[in-house]
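In: pasting a predicted model and its sequence here:
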Amino acid sequence: MAVLSNDGYGINGVREVLPEREQWRLGGAPADSNHTRIMDILWPEGATPTQEDMLTAYTSSAADPASLGPDDFAQVWMYVLP
């Protein structure tokens with residue numbers, strides 16, 4: 001399960017996460033254009049990769065996100081119960 005913030009005017013209904021918070025925007029993101037809008041993931045303790053590993057495993061870019069491909073963004077793994 002992933003936690004995001006809903007915004008009826010955002011891309012796919014998801015609110016932006018910016019470096020600095022604003023009235024209708026969340027803060028705490030890096031200063032690039034391809035960081036994730038995911039705030040939290042329900043992920044088992046001790047599982048690898050970790051939540052932090054997944055959400056930060058991308059090459060930062062200032063390019064227009066529409067010009068980037070899937071590998072230019074963080075990839076979230078699927079967890080399969082043992």
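Out: Right, received. Where do you want to start?

In: got the buried residues for the lowest-mean-pLDDT helix or strand in the chain?
Out: None of the helices or strands of the chain scores lower by mean pLDDT, DSSP states H and E than strand 6-11, at a mean of 87. Neighbour-count burial for strand 6-11, counted by 16 or more other Cβ atoms under 10 Å, picks out Asp7. (C-beta placed from N, C-alpha, C; glycine too.)

In: same deal with stretch 27-37?
Out: Within stretch 27-37, the residues scored as buried using 16+ other Cβ under 10 Å are Ala29, Asn34, His35, Thr36, Arg37.

In: for Leu68, state which of these is nearest.
Out: Minimum separation from Leu68 among those (Cβ to Cβ) is found for Asn34, which lies at 5.7 Å.

In: that closest one against Ala57, yeah?
Out: No. Using Cβ atoms under 8 Å, Asn34 is not in contact with Ala57, being 11.9 Å away.

In: what sits against Ala63?
Out: Each residue near Ala63 by Cβ atoms under 8 Å, 6 or more residues apart in numbering is listed here: Ser33, Asn34.
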